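> my questions concern the predicted model and sequence given below.
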Amino acid sequence: MSIFKFLTDENFESAILRGLFRRDPQIDIIRVQDVGLMTAEDPDILDWAAQHDRIVLTHDLRTMPNFAYQRISQRQKMPGLIVMRPDIRPGTAIDDIFLIVECATPDELRNSILRLPF
């Protein structure tokens, strides 16, 4: 299994986060709150994630994908973005994230925006 590193945005569903840690306590996920980005704008979050090679997990369907596409079109580093509908069931989100972790590599997510559920 490849080592994925994730960053969750400010409003990421805590039930999903808890479930991810329950399934794999070693999963490498940090929250924007943990790195001083609690009130940061989306471009700043994506920039921090790129500097630290972390894939962003978000429920922000409205603005985050646009800023991610902007980074990609400007050929800026973009480790990846996984966007989940706000109404996604936690179990579905957890299963889909672990499907990605088990079947893909971090390099395959570079410059990509995935939408969950599949």
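Yes, it's here. Numbering: from 1, shown residues only.
> neighbours around residue 75, how many?
A total of 8 residues lie near residue 75 under the criterion other Cβ atoms under 10 Å. (Glycine included, C-beta is placed from N, CA and C.)
> for the lengthiest helix in the chain, packing partners?
In terms of residue count, the longest helix belonging to the chain (DSSP state H) is helix 90-103. Counting contacts by 3 or more Cβ pairs under 8 Å, 6 or more residues apart in numbering; DSSP states H and E, helix 90-103 packs against helix 14-23, strand 81-84, strand 113-116.
> which of the residues in that helix are buried?
Within helix 90-103, the residues scored as buried using 16 or more other Cβ atoms under 10 Å are 90, 93-98, 100-101.
> now stretch 111-118
Buried-residue list, stretch 111-118, by 16+ other Cβ under 10 Å: 111, 113-114, 116.
> tell me which of the helices and strands packed on helix 90-103 is the most buried.
Most buried of those, by mean neighbour count (mean count of other Cβ atoms under 10 Å): strand 81-84, with a mean of 22.
> quick one: contacts of it?
13, 16, 46, 55-61, 64-65, 68, 93, 96-97, 100, 109, 112-117 (Cβ atoms under 8 Å, 6 or more residues apart in numbering).
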